[in-house]
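> Need coordinates for the following:
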Amino acid sequence: MSRRILITGASVAGNTAAWWLGRAGFDVTVVERAPAFRDGGQNIDVRGSGREVLRRMGLEQSALEQGTGEEGTAWVDANGHIAAQFLTADQDGDGPTAEMEILRGDLARLLYEPAAERATYRFGDSVTAIVEDDEAACVTFARGRTERYDAVIVAEGVGSATRAHVFAQENAPRWMDLTIAYFTIPRAADDDRLWRWYNAPGGRSVSLRPDRHGTTRVMLSVQQPPGGEQDWSQERQKTWLRKRFSDAGWQSARVLDGMDATDDFYFDVLRQVRMPRWSKGRVVLTGDAAWCATPIAGIGTTLAITGAYVLAAEMARSDDVVAAFAAYEHAMRPMVEDAQGVPKIAPRLMNPHSRLGIRLLHGALSMASRPAVRGLTGKLFGGSTKEPDLLQYDQNRTDGSSDAPERSVTAAGKGALSPLLALGAVGLVLGVSAVVGRRNAPDPSHPRIRKWYRGLDKPGFTPPDAAFGAVWPVLETGLAVGGYRLLRQPSGSARNTAVGLWLLNTAMVGGWTQLFFREKQLGASAAASGAMVASSAAYVAAAARVDKPAAAVGIPFVAWLGFATLLAERIWRDNPEKGR
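Residues are numbered from 1 along each chain as shown. Below is the predicted model:
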């Protein structure tokens, strides 16, 4: 068994790996570029398998006790009034705010202190070269020393220099079109225990989050394509933010004043790390260095803890480093790919560029926060279903025994409908929707509805009736294909969430025709149309985590609803006397 291990990076993934490898009897050294342990950092959360790992370490309760105290998430307008909110006390599962919300530095220290009892930590140093021979990896450090290790674990983060050296040109980053700055400002008297999220036109947002240290954590974000801003000097980055947020409103002035005085400013252009392999010889990547999914995915810390645990467990039960690394990658790839499947449209939807878009977002979130659909929202924000089977890594199997059960991600086929039942279900759902839609259609069989609709003042970009008649069958066919494919997938929270959203959107189509054509509620129909943009985008995002073709055939539906929302809003505005 390989015994002498080097870990580069002393944050969440590195400290978790050090804890478990030290427990298994390895001689572990952790090297960290920073001159001392780094406290601070922004809010992170731990869900699913990550919490299970902390539970096995005996740290779950301590992490809960050291949490930020955040009680929920609220979207606010320019006056600070709440447009929609999700309180943790009202959620059956984790919502935007998870039960375990903690600062990055607090969690890293919680892991570091017990890990340091079994591992040697060297701060203020870094790796400059790694050369392998048949027996070991020869590592040269910035301070000049050279040492030999049986394996090197790289846990340095998204911009890992060691990864760039060992895996040169292998990372194909996926840019997420979102630029974010994090920093800490003094707490104000009216700061509460909610994560308050404010959207400003131009794809800008300001977030304020509580902590237990008497300060407030800030996030500024701008939705735009990357322009190399991550390589600018800190002063240029701050100047750019001042210019972009000078007229944003709400508490932007307070935030910008606080930015000038903060000592923990962090700025990044979000991108995923996409590596074709996570190991090369005796060197292996874990955490963000291997797979950064970005904060948009919502489970980055869970991935870091789970991945480090799985890596350590595989190394503990195998004498072959290369085989252990391969087993680790086999176990973690499904969860990582699932997390990285978030569509690039997500940042655009959550950071609208127009005031109308912001109103529609708030309307959709307000609808999603209602008790009738709140449980579904919790599932959307929950962890991945493609987590590795942690039962195979029993705590008693740190002696290298090989009687672990065969790896599995999900029980193949469990809960999947047969082709006949799936077709029947799709036919029934779309049939009911079609009947409702036809009942309200402005065709010759409904002369009053037809006359009223033709009498509306419509914008010049309104398609002719024939175009509407041609488009809807195509969109409904796409929904039918997507629903069928999802129903044929094994049951699980991700699949069931996608099916639930498919049903919701299908039902909302019929409901919209009732509002617009039969009840002539022009304002309500415009709001409902905007809510459907959000719900259909959520459907595509959920379906992408289960079956990418099902998600792909739903994209035209989202695009059409976006157009229909603009049309419905314009008709409502131009016909104030013809609605109810």
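
> For the rest of this, base every contact and every neighbour count on C-alpha atoms.
Noted.

> Now Ala339. Nearest residue, chain neighbours left out?
Take Ala339 and drop its neighbours on the chain: the residue closest to it by C-alpha to C-alpha, 6 or more residues apart in numbering is Ala297, 5.8 Å away.

> In stretch 51-69, which of the residues would be classed as buried?
Residues 51-54, 59-60, 63-64, 66-69 are the ones in stretch 51-69 that count as buried (16 or more other C-alpha atoms under 10 Å).

> could you point out the longest strand in this protein?
Counting residues, the longest strand in the chain under DSSP state E turns out to be strand 174-186.

> next helix or strand past that strand?
Later in the chain than strand 174-186, the nearest helix or strand by DSSP states H and E is strand 194-200.

> The next helix or strand after that following strand: partners in the sheet, and parallel or antiparallel?
The helix or strand immediately downstream of strand 194-200 is strand 204-210, counting by DSSP H and E. Partners of strand 204-210 in the sheet, by DSSP bridges, are strand 194-200 (antiparallel), strand 215-223 (antiparallel).

> And those: which comes nearest Asp268?
Asp268 lies closest to strand 215-223 among the strands paired with strand 204-210, at 9.7 Å (C-alpha to C-alpha).

> could you give the angle of that closest one to strand 174-186?
Using axes from the mean of the first three to the mean of the last three C-alpha atoms, to 10 degrees, one finds that strand 215-223 and strand 174-186 are set 150 degrees apart in direction.

> pull the CA atoms of strand 215-223 into CSV?
Only the C-alpha atoms of strand 215-223 are listed here, as CSV (Å, rounded to 0.1, in the frame of the first residue of the first chain):
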residue,chain,number,x,y,z
THR,A,215,-20.7,41.3,9.6
THR,A,216,-22.6,40.9,6.4
ARG,A,217,-21.4,39.0,3.3
VAL,A,218,-21.9,40.6,-0.1
MET,A,219,-22.1,39.2,-3.5
LEU,A,220,-22.2,41.4,-6.6
SER,A,221,-22.8,39.7,-10.0
VAL,A,222,-23.1,40.8,-13.6
GLN,A,223,-24.5,38.5,-16.3
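
> now for the helix or strand that that strand is followed by, which elements pack on it?
Downstream of strand 215-223, the first helix or strand assigned by DSSP H and E is helix 234-245. Judged by 3 or more C-alpha pairs under 8 Å, 6 or more residues apart in numbering; DSSP states H and E, helix 234-245 is in contact with helix 252-261.

> any idea of the mean pLDDT for the longest strand of the chain?
Confidence for strand 174-186, expressed as mean pLDDT, is 96.

> Give me the buried stretch members for it, please.
Using 16+ other C-alpha under 10 Å as the test for burial, strand 174-186 gives 175-185.

> Show me which pair in the residues you listed is furthest apart.
Trp175 and Ile185 (28.4 Å).

> So what does the residue lying farthest from the centre of the chain have for phi and psi?
No residue in the chain sits farther from the centre than Pro447, which is 48.2 Å out by C-alpha atoms, centre = their mean. Dihedral angles of Pro447 (phi, psi; degrees, to the nearest 10) stand at phi -60, psi -40.

> residue contacts, it?
Taking C-alpha atoms under 8 Å, 6 or more residues apart in numbering, we find Pro447 in contact with no residue.

> residue ranges for the helices of the stretch 251-400 of the chain, please.
Counting by DSSP state H, counting those that start in this stretch, the stretch 251-400 of the chain has helices at residues 252-261, 288-291, 300-316, 321-339, 345-350, 355-368, 371-381.

> Can you lay out those as JSON lines showing mean pLDDT and mean neighbour count?
Shown next, in JSON lines, are the helices of the stretch 251-400 of the chain (pLDDT from 0 to 100; neighbours: other C-alpha atoms under 10 Å):
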{"stretch": "helix 252-261", "mean pLDDT": "95", "mean neighbour count": "16"}
{"stretch": "helix 288-291", "mean pLDDT": "96", "mean neighbour count": "26"}
{"stretch": "helix 300-316", "mean pLDDT": "95", "mean neighbour count": "26"}
{"stretch": "helix 321-339", "mean pLDDT": "93", "mean neighbour count": "19"}
{"stretch": "helix 345-350", "mean pLDDT": "82", "mean neighbour count": "18"}
{"stretch": "helix 355-368", "mean pLDDT": "79", "mean neighbour count": "20"}
{"stretch": "helix 371-381", "mean pLDDT": "51", "mean neighbour count": "18"}
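
> Now do the closest residue to Lys386 other than its chain neighbours against Ser246, distance only.
Take Lys386 and drop its neighbours on the chain: the residue closest to it by C-alpha to C-alpha, 6+ apart is Met335, 4.7 Å away. According to C-alpha to C-alpha, to the nearest Å, Met335 stands 40 Å off from Ser246.

> Repeat that for Glu229.
To Ser246, Glu229 is 18 Å away according to C-alpha to C-alpha.

> Tell me which of those two has more neighbours.
Under the neighbour definition other C-alpha atoms under 10 Å, Glu229 and Ser246 were set side by side, and Glu229 has more, 15 against 11.

> check contacts around that one.
Shown in contact with Glu229 (C-alpha under 8 Å, 6+ apart): 237, 268-269.

> Of the residues you listed, which is the most crowded?
In terms of neighbour count, Val269 stands highest of the contacts of Glu229 at 23 neighbours, by other C-alpha under 10 Å.

> beta partners for the nearest residue to that residue once chain neighbours are set aside?
Sequence neighbours aside, Thr179 is the residue nearest to Val269 in space, at 4.3 Å (criterion: C-alpha to C-alpha, 6+ apart). Under the criterion DSSP bridges, Thr179 forms beta bridges with Val222, Val269.

> which ones are touching Thr179?
The contact partners of Thr179, taken as C-alpha under 8 Å, 6+ apart, are 221-224, 226, 267-270.

> Going by neighbour count, which of the residues you listed are buried?
Buried members of these, counted by 16+ other C-alpha under 10 Å: 221-224, 267-270.

> Throw those into CSV and include pLDDT and distance to Ala526, thanks.
Shown next, in CSV, are the buried ones among the contacts of Thr179 (pLDDT from 0 to 100; distance: C-alpha to C-alpha, whole Å):
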residue, pLDDT, distance to Ala526
Ser221, 97, 28
Val222, 97, 27
Gln223, 96, 25
Gln224, 95, 27
Phe267, 96, 37
Asp268, 94, 36
Val269, 96, 34
Leu270, 95, 33
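
> what about the stretch 1-150 of the chain, any weak spots by pLDDT?
By pLDDT under 70, the weakly predicted segments of the stretch 1-150 of the chain are 1-2, 91-95.

> what's the nearest residue to Asp547 once chain neighbours are set aside sitting at in phi/psi?
The shortest distance from Asp547 to any residue other than its chain neighbours is 6.8 Å, reached at Leu486 (C-alpha to C-alpha, 6+ apart). Main-chain dihedrals, Leu486, degrees, to the nearest 10: phi -70, psi -40.

> Help me confirm that Leu486 comes into contact with Thr497.
No. Taking contacts as C-alpha atoms under 8 Å, Leu486 lies outside contact range of Thr497: 10.1 Å.

> Among these two, which residue is more densely surrounded?
Remark: of Leu486 and Thr497, Leu486 carries more neighbours, 26 against 23, as counted by other C-alpha under 10 Å.
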